[in-house]
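*Asks:* curious how this folds, go ahead:
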Amino acid sequence: MGQGYILVNKSKGEIISFAHLPASKAKELTGNPVTAAMTTWYLLSNIGDQISFIEEENVLDDYHDVTDLLIDDLIKRQLIKDDGIEVFDPNEPEIFIRRLRNTWMDCEANEEL
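*Replies:* Below is the predicted model:
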């Protein structure tokens with residue numbers, strides 16, 4: 001199936017878990033325009049910190065997951081757009097994927113930015 005990853009900032013005790021996003025494996029994180037933007041923005045916003053990817057099963061419980069804060073920041077900066085969620089099973093609404101889109105992939109939006 002492939003190895004899933006999370007981004008860890010050891011300097012700040014934070015993780016980007018990519019929870020509820022359609023990417024966690026190396027090729028998915030790289031090829032998905034939203035997760036690539038998230039990773040790049042987080043790295044640029046935390047220059048000098050000790051940041052790396054680790055296998056998702058090695059998640060550090062005492063680290064704070066800032067995935068949603070990062071997404072909110074990118075939405076506010078109009079780098080990604082939130083198109084809602086997709087629930088897979090109405091009986092289990094907690095199992096969903098966020099439908100996010102990188103606005104830089106939109107020619108019209110790129111001209112506005």
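*Asks:* the nearest residue to residue 15 once chain neighbours are set aside: how many residues sit nearby?
*Replies:* Excluding its sequence neighbours, the residue lying closest to residue 15 (C-beta to C-beta, 6 or more residues apart in numbering) is residue 63, at 4.7 Å. C-betas here are computed from N, CA, C, even on glycine. Residue 63 is flanked by 16 other residues according to other C-beta atoms under 10 Å.
*Asks:* any regions of this structure where pLDDT drops low?
*Replies:* 1, 107-113 (pLDDT under 70).
*Asks:* which stretches of it form helices?
*Replies:* 26-31, 33-45, 67-76, 107-112 (DSSP state H).
*Asks:* so which of these gets nearest residue 82?
*Replies:* helix 67-76 (5.5 Å; C-beta to C-beta).
*Asks:* how far does that closest one sit from its chain's centre?
*Replies:* Offset of helix 67-76 from its chain centre (C-alpha atoms, centre = their mean, to the nearest Å): 9 Å.
*Asks:* now do stretch 75-94
*Replies:* With C-alpha atoms, centre = their mean, you get 12 Å for stretch 75-94.
*Asks:* what's in contact with that stretch?
*Replies:* Here stretch 75-94 makes contact (C-beta atoms under 8 Å, 6 or more residues apart in numbering) with 20, 34, 37-38, 41, 71, 74, 95-104, 109, 112-113.
*Asks:* count of residues packed around residue 78?
*Replies:* Counted with other C-beta under 10 Å, the neighbours of residue 78 add up to 12.
*Asks:* nope, residue 85 is what I was after
*Replies:* Neighbours around residue 85, by other C-beta under 10 Å: 13.
*Asks:* any figure for the gap between it and residue 50?
*Replies:* Residue 85 sits at a distance of 33 Å from residue 50 (criterion: C-beta to C-beta, to the nearest Å).
*Asks:* spatially nearest residue to residue 62 (excluding sequence neighbours)?
*Replies:* residue 13 (7.0 Å).
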